[in-house]
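# what follows is a predicted protein model with its sequence.
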Amino acid sequence: MPNAHCDKCNRCVIPCPDTTPGIHPMSVGKTVYHRISGFLMVAAFPGFIWGWFQVPDYPGITDIDLLIAIYKLPFIGLVLTSALFIVLKRFIKERVLIALFSAAAVSCYYWFRLPALVGFGIFPNNGMLIDLTGLFPEWSITLTAIATTFFFFWWIVLSKPKAQSWVIRPAYVNTKNK
């Protein structure tokens, strides 16, 4: 099978996230800005996601106090998981830690998002797609959230990646003939 995303490589992003094995946000830290953004994507993101789901939706931002109230918990979560990452980095290999925090971010998102989609969120009607509260007991939604958490930790942390055809870089575009 050919590369699933590109038929010719235009060198749009270097390194290519589709064809560089083991790439993660902290692996391409060429400048201080790259390193900071990589750190935020890995270490801070789980806490930010957790905090974001602790804040109800607001119809509009009316003043700076409301803006501060909206971002207070996401920022606190961001700081806490960043500090935890820094502490754990002394004891756990970076690759494993990055996988753990990545799985935590994805799992945290779905832990709150799946129940909210079907009417079981912590804030009534926030982000609800369809109301299934009359059809399913709350424990079934909690069980689904637990199952997705285990799945993401298995997939991101425990499973071994397979060599797939899409990780083979396609031929470069010949820019001289354009």
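Sure thing, it's come through.

# contacts, neighbours, all on C-alpha from now
Will do.

# where does the protein have its least confident helix or strand?
Least confident helix or strand of the chain, by mean pLDDT, DSSP states H and E, is helix 32-39 with a mean of 81.

# okay, angle between the next helix or strand after that one and helix 32-39 too, please.
On the C-terminal side of helix 32-39, the closest following helix or strand by DSSP states H and E is helix 45-52. On the basis of axes from the mean of the first three to the mean of the last three CA atoms, to 10 degrees, helix 45-52 is oriented at 60 degrees to helix 32-39.

# which other residues reach helix 45-52?
Identification of contacts with helix 45-52 by CA atoms under 8 Å, 6 or more residues apart in numbering yields 71, 73-82, 101-102, 104-106, 108-109.

# still on that earlier bit, buried residues in the least confident helix or strand of the chain, which are they?
By 16 or more other CA atoms under 10 Å, the buried positions in helix 32-39 come out as 35, 37, 38, 39.

# just the buried residues from the contacts of helix 45-52, in PyMOL please.
Buried subset of the contacts of helix 45-52, written as a PyMOL selection, criterion 16+ other CA under 10 Å:
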select buried, resi 73+74+75+76+77+78+79+80+81+82+101+102+104+105+106+108+109
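
# which of the contacts of helix 45-52 fall within strands?
Taking DSSP state E, every one of the contacts of helix 45-52 sits outside strands.

# narrow the contacts of helix 45-52 to those in helices?
Using DSSP state H, the subset of the contacts of helix 45-52 located in helices is 71, 73-82, 101-102, 104-106, 108-109.

# for residue 135, see how far away residue 97 is.
Here residue 97 is placed at a distance of 39 Å from residue 135 (CA to CA, to the nearest Å).

# same deal with residue 148?
Residue 148 sits 20 Å away from residue 135, going by CA to CA.

# looking at these two, which one has more neighbours?
Here residue 148 and residue 135 are compared on neighbour count by other CA atoms under 10 Å; more neighbours surround residue 148, at 18 against 7.
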